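J.: With the input below, show me the fold.
(3 chains)
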Amino acid sequence: MRAVHAVARDLLGKTLVSTTNGSRIAGTIYETEAYDGEQDLACHARSGKTARTAVMYSEGGHAYIYFTYGMHWMFNCVAGASGYPAAVLIRAIQPIEGIDIIRDRRQPIDQSHWCDGPAKMTKSLGITGMHNGMDMCQKNAVIYIEEGCLIPEEKVKITPRIGLGRTPEPWKSKLWRYVADIS
DNA sequence: TCTTCGATTGTCT
DNA sequence: GACAATCGAAGAA
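T.: Purely as a prediction, here's the structure:
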């Protein structure tokens, strides 16, 4: 298994922290997807290194954030060695801290749907393109990962990735999505 | 320069 | 369940 898949699995249960507006907003990661290299036709790096995908080629621990559908920001953790494009898309978290801020940003929808999608999550955490390329290992990082709880194997579901649309097989059906049952 | 389309969401039927 | 919203990156011309 390549490193990016181990990272995607290990991120489940960890805490994603954002201090983009000065105060802590945090949640437990429970859904991730792996995007692995130029040969993965679902990965943005499938066409090689471009201005947009350059961050994916940097060392693991950087934030790859991109804009899509004309209105949505997506947040990824770069997970490969320097020079190899791989990243983990954080698809969903369960809010822990900064509930009031999230509520303000996500009203009027119900709490159970505040962070249950990749773009909903970035909106709740205040993550935008200005954070693209950040090193989350830096001491003064605005977005970073903290240790959380360990998710036992029996609580982890593995499924095909979501929203791949016209991505050809076999990539479309690769079991590269990891979902933790944190109920 | 022009055209296509997306790692989605929210609304309407 | 169907589909519009909305715009920048990437590939074609």
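
J.: For chain A, which segments count as strands?
T.: A:15-18, A:25-36, A:63-68, A:72-78, A:86-97, A:143-146, A:156-159, A:177-180 (DSSP state E).

J.: What are the neighbouring residues in contact with the spatially most central residue of chain A?
T.: Computing the C-alpha centroid of chain A and ranking residues by C-alpha atoms, centre = their mean puts A:I90 first, at 2.0 Å. Contact analysis of A:I90 by C-beta atoms under 8 Å, 6 or more residues apart in numbering lists A:11, A:16, A:29, A:31-32, A:75-77, A:118, A:121. Placement of C-beta: from N, CA and C, glycine included.

J.: nearest to A:I101, of these?
T.: A:I101 lies nearest to A:M121 out of the contacts of A:I90, by C-beta to C-beta, at 13.4 Å.

J.: picking that back up, just the buried residues from the contacts of A:I90, in ChimeraX please.
T.: Paste this into ChimeraX to select the buried members of those, with burial taken from 16 or more other C-beta atoms under 10 Å:
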select /A:11,16,29,31,32,75,76,77,118,121
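
J.: Considering only the contacts of A:I90, which also neighbour DNA strand B?
T.: Contacts with DNA strand B within these, as defined by C-beta under 7 Å from any atom of the strand: A:76, A:118, A:121.

J.: who's the residue nearest to the centre of chain A bridged to?
T.: Note on A:I90: beta-bridge partners A:T32, judged by DSSP bridges.

J.: tell me the pLDDT at it?
T.: Looking at A:I90, its pLDDT is 98.

J.: before we move on, what about A:M1?
T.: A:M1 is assigned a pLDDT of 69 by the prediction.

J.: cool, the one 10 residues further on as well?
T.: According to the per-residue confidence, A:L11 scores 98 in pLDDT.

J.: and the residue sitting furthest away from the middle of chain A, what does it touch?
T.: Ranked by distance from the centre of chain A (C-alpha atoms, centre = their mean), the top residue is A:P108, with 24.2 Å. Listed by C-beta under 8 Å, 6+ apart, the contact set of A:P108 is empty.

J.: Tell me how far it lies from A:K123.
T.: Distance of A:P108 to A:K123, given as C-beta to C-beta, to the nearest Å: 14 Å.

J.: Helices along chain A, start to end?
T.: A:3-11, A:99-106, A:118-125 (DSSP state H).

J.: Can you tell me what sits against the last one?
T.: With contacts defined as C-beta under 8 Å, 6+ apart, helix A:118-125 is touched by A:16, A:18, A:20, A:25, A:27, A:65, A:71-75, A:89-93, A:95, A:102, A:105-106, A:113-115, A:127-128, A:143.

J.: Run a quick neighbour tally on A:W114.
T.: 23 (other C-beta atoms under 10 Å).
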